[in-house]
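1. dropping a prediction and its sequence here:
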Amino acid sequence: MDVTQFAGDMGLDYNSLLMASGAAGIALCFTLASSWLRQRGSSFLFTWAMCIAIIIVAIIGFSTFHATAQSLHAVVAGVLLTTAFALSYGALTQFRDNWFDARTVIVLALAGAAPIVTSAFMGFDGLSFIFINVMCAILLSFCGYHYWTARAESPGPITAIVVLHAMLAVSFALCVAVMALETPLYLGGRVPDNWAESLNLFVSVIAITGIGGLFVTIHQERISRRHQAESLIDPLTGLNNRRALFERFPTGLVVQGTALVVFDLDDFKGLNDRNGHAFGDLVLCNFARMLAENVRDGDIVVRLGGEEFLIVLPESSSSHALALAERVRGLMSRMVHQASDQAVTCTVSAGVAVAEKPQTSLDTLLRKADNALYLSKRSGRNRVSQNVSSAA
């Protein structure tokens, strides 16, 4: 039993399958547009919604062509369909690179439309219909390939999207093969209605709903990852927060040779009282930026809270940690912060601790660094300390 006979037995003729494709498209368009309205930063959802809207119009055109057998309806519908698949490449670049590659989209749309319109203008309506399927297969394969290169972000869903693109491309290619055998140049007043066309529409329903659902899934995964990342970042300075620090050391242990440097801005409460909290925030941001600019790749900079900061130095030593802390102290003492018409300076104190034993507790090392910091504060501030008890 071929696909056409099976579809007929199920009550799914060509028009029924067209209507099913259109219904799936409308539902998907609504879902994508709604998701975009809730998260405007995910512009690829809006572009995909526009792709589906154009596909729906194309489906209406093919349905009209099926009713009237007027080739012009098929040509317009075919150009709309290839344009939608070209636009889907723009959605792909937004999804992958966060920008819309308008130039490539225009080139793809024109390349897809040119052979369809040219063959129709020459009177080869059968050839024009073949080109519709050829260009759709090519554009779908092109987009599927680029999704394959972007699968690292979400391997499961994106691989499924690639498979659905491939299935749809193959179904269009089968339409080409059957039409090339049956009506290579002219339709002769007959509307293509064969097993390949029915299969293509059946696969289209599956692909449209599947791709839409997978895009929504990936969109939700992105939101979840972003929320998780935001929960680990201090919103004022952009540094790691205390939670991020302990997530970097899930066992609560650090390896031998890890150094901690704890910084605390001197008289920060007085600075806030004299100049206002906005100025205090400026000083915190300036200090955070200076810390980030003076560490190695692999070092971890953390805002522990308030005016207290921490640098984790893997594979370090007392001399390196002390030298870094002293450099930061000196830079901060010379940094000028502008408060209205007044130039203000601020100093910082630091405490250093180094893990001298394997599998040292992070809490223990933090406590020892805090003790060294307290020694700096008690000794007059604006200094770096490491006493004997700070070694762990």
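-> Cool, the structure landed. Note that this is a predicted model, so its numbers are computed, not measured. Numbers count the residues shown, from 1 in each chain.
2. following element in sequence after the helix ranked longest in the chain, please.
-> In terms of residue count, the longest helix belonging to the chain (DSSP state H) is helix 195-230. Where DSSP states H and E defines the elements, the next helix or strand beyond helix 195-230 is strand 240-241.
3. and that following strand, what does it pack against?
-> Strand 240-241 is packed against strand 300-305, with contacts defined by 3 or more C-beta pairs under 8 Å, 6 or more residues apart in numbering; DSSP states H and E. From N, CA and C alone the C-beta is placed, and that goes for glycine too.
4. now do the buried residues in the strand it packs on.
-> By neighbour count on 16 or more other C-beta atoms under 10 Å, the buried set for strand 300-305 is 300, 301, 302, 303, 304.
5. tell me which stretches of the protein form strands.
-> Along the chain, counting by DSSP state E, strands occupy 240-241, 253-254, 259-265, 300-305, 308-313, 336-339, 342-345, 348-354, 360-361, 384-385.
6. export those to TSV and tack on mean pLDDT and distance to residue 48?
-> Putting the strands of the chain into TSV (pLDDT from 0 to 100; distance: least, C-beta to C-beta, whole Å) gives the following:
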stretch	mean pLDDT	distance to residue 48
strand 240-241	94	35
strand 253-254	92	46
strand 259-265	95	47
strand 300-305	95	38
strand 308-313	96	42
strand 336-339	81	47
strand 342-345	82	52
strand 348-354	95	50
strand 360-361	90	50
strand 384-385	94	55
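7. tabulate those (JSON lines), appending distance to residue 193.
-> Output for these, formatted as JSON lines (distance: least, C-beta to C-beta, whole Å):
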{"stretch": "strand 240-241", "distance to residue 193": "62"}
{"stretch": "strand 253-254", "distance to residue 193": "70"}
{"stretch": "strand 259-265", "distance to residue 193": "75"}
{"stretch": "strand 300-305", "distance to residue 193": "65"}
{"stretch": "strand 308-313", "distance to residue 193": "69"}
{"stretch": "strand 336-339", "distance to residue 193": "76"}
{"stretch": "strand 342-345", "distance to residue 193": "81"}
{"stretch": "strand 348-354", "distance to residue 193": "79"}
{"stretch": "strand 360-361", "distance to residue 193": "75"}
{"stretch": "strand 384-385", "distance to residue 193": "84"}
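8. and among the ones you listed, the most buried is which?
-> strand 348-354 (a mean of 28; mean count of other C-beta atoms under 10 Å).
9. which residue ranges form the helices in this protein?
-> 3-9, 14-38, 43-68, 71-97, 102-121, 125-149, 155-182, 195-230, 242-248, 268-275, 277-293, 318-334, 362-378.
10. which elements pack onto the longest helix of the chain?
-> Looks like helix 195-230 contacts helix 3-9, helix 14-38, helix 43-68, helix 155-182 (3+ C-beta pairs under 8 Å, 6+ apart).
11. so which of these is the most surrounded?
-> helix 43-68 (a mean of 20).
12. returning to what we had before: a markdown table please, covering the helices and strands packed on helix 195-230 and showing distance to residue 214 and mean pLDDT.
-> Formatted as a markdown table, the helices and strands packed on helix 195-230 follow (distance: least, C-beta to C-beta, whole Å; pLDDT from 0 to 100):
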| stretch | distance to residue 214 | mean pLDDT |
| --- | --- | --- |
| helix 3-9 | 25 | 44 |
| helix 14-38 | 11 | 77 |
| helix 43-68 | 11 | 86 |
| helix 155-182 | 5 | 92 |
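13. surely residue 64 touches residue 73?
-> Yes. The pair residue 64 and residue 73 passes the contact test of C-beta atoms under 8 Å, sitting 4.7 Å apart.
14. how deep is residue 97 tucked in, by neighbour count?
-> By other C-beta atoms under 10 Å, the residues close to residue 97 number 11.
15. residues near the spatially closest residue to residue 66 that is not a sequence neighbour, how many?
-> Once flanking residues are discounted, residue 66 sits nearest to residue 191: 5.3 Å by C-beta to C-beta, 6 or more residues apart in numbering. For residue 191, the count of nearby residues is 15 (other C-beta under 10 Å).
16. in this structure residue 191 contacts residue 68, no?
-> No. Look at residue 191 against residue 68 with C-beta under 8 Å: they stay out of range, at 9.2 Å.
17. can I get the helices of the chain in TSV with distance to residue 350?
-> Listed next are the helices of the chain as TSV, based on distance: least, C-beta to C-beta, whole Å:
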stretch	distance to residue 350
helix 3-9	75
helix 14-38	45
helix 43-68	45
helix 71-97	42
helix 102-121	52
helix 125-149	46
helix 155-182	44
helix 195-230	28
helix 242-248	17
helix 268-275	14
helix 277-293	11
helix 318-334	4
helix 362-378	6
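18. so which of the ones you listed gets nearest residue 254?
-> Nearest to residue 254 among these is helix 362-378 (5.3 Å), distances taken as C-beta to C-beta.
19. can you list the domain ranges for this structure.
-> 3-230, 240-390 (automatic domain parsing).
20. of all the helices of the chain, which one is nearest residue 262?
-> helix 362-378 (4.4 Å).
21. packing partners for the closest one?
-> strand 253-254, strand 259-265, strand 348-354, strand 384-385.
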